[in-house]
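In: predicted model, plus sequence, below.
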Amino acid sequence: MGMDVTGGEWAIVGGTGVSSCAQGVIHKKLLEKRCDRNIVELDIHFFYTLMQTGNCNMNQIEFSQTT
C-alpha cells in the first residue's frame, strides 16, 4: 500500500533562501493511473516576503537584496 495520490492539498509554510517566508498551498490531482506509475498534476500557489540581509556596525547599517 502506497501513498494516496488521487487528490488533496499540501500546505506551504516557510522555505529556504529567498522564499524563507513562503506561505501557500499545493493542490494535487491524479490525471492518469497506470500499472507501473501514476501521473499527478501539482497546482502550486504561494507568496513570500522578500528578506534582506544586512551588515551592522556602530555607525551605519547596510542592506543588500538577495535574489
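Out: In hand now; what should we look at? Numbers count the residues shown, from 1 in each chain.
In: quick one: the helices in the chain?
Out: Taking DSSP state H as the criterion, the chain carries no helices.
In: where in it is pLDDT low?
Out: For the chain, the stretches with pLDDT under 70 are 1-5, 18, 51-67.
In: ok, which stretches of it are strands?
Out: All strands of the chain, identified by DSSP state E, fall at 7-13, 23-33, 38-47, 52-56, 61-65.
In: need these in TSV (columns: mean neighbour count).
Out: C-betas here are computed from N, CA, C, even on glycine. Conversion of the strands of the chain to TSV gives the following (neighbours: other C-beta atoms under 10 Å):
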stretch	mean neighbour count
strand 7-13	11
strand 23-33	13
strand 38-47	11
strand 52-56	9
strand 61-65	9
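In: which residues touch residue 13?
Out: Residue 13 is in contact with 22-23, counting by C-beta atoms under 8 Å, 6 or more residues apart in numbering.
In: could you number the chain from 881 rather than 1 from now on?
Out: In the new numbering, first residue 881, that becomes residue 893.
In: could you check how far it is from residue 909?
Out: 21 Å (C-beta to C-beta, to the nearest Å).
In: ditto for residue 901
Out: Residue 901 is 27 Å from residue 909, by C-beta to C-beta.
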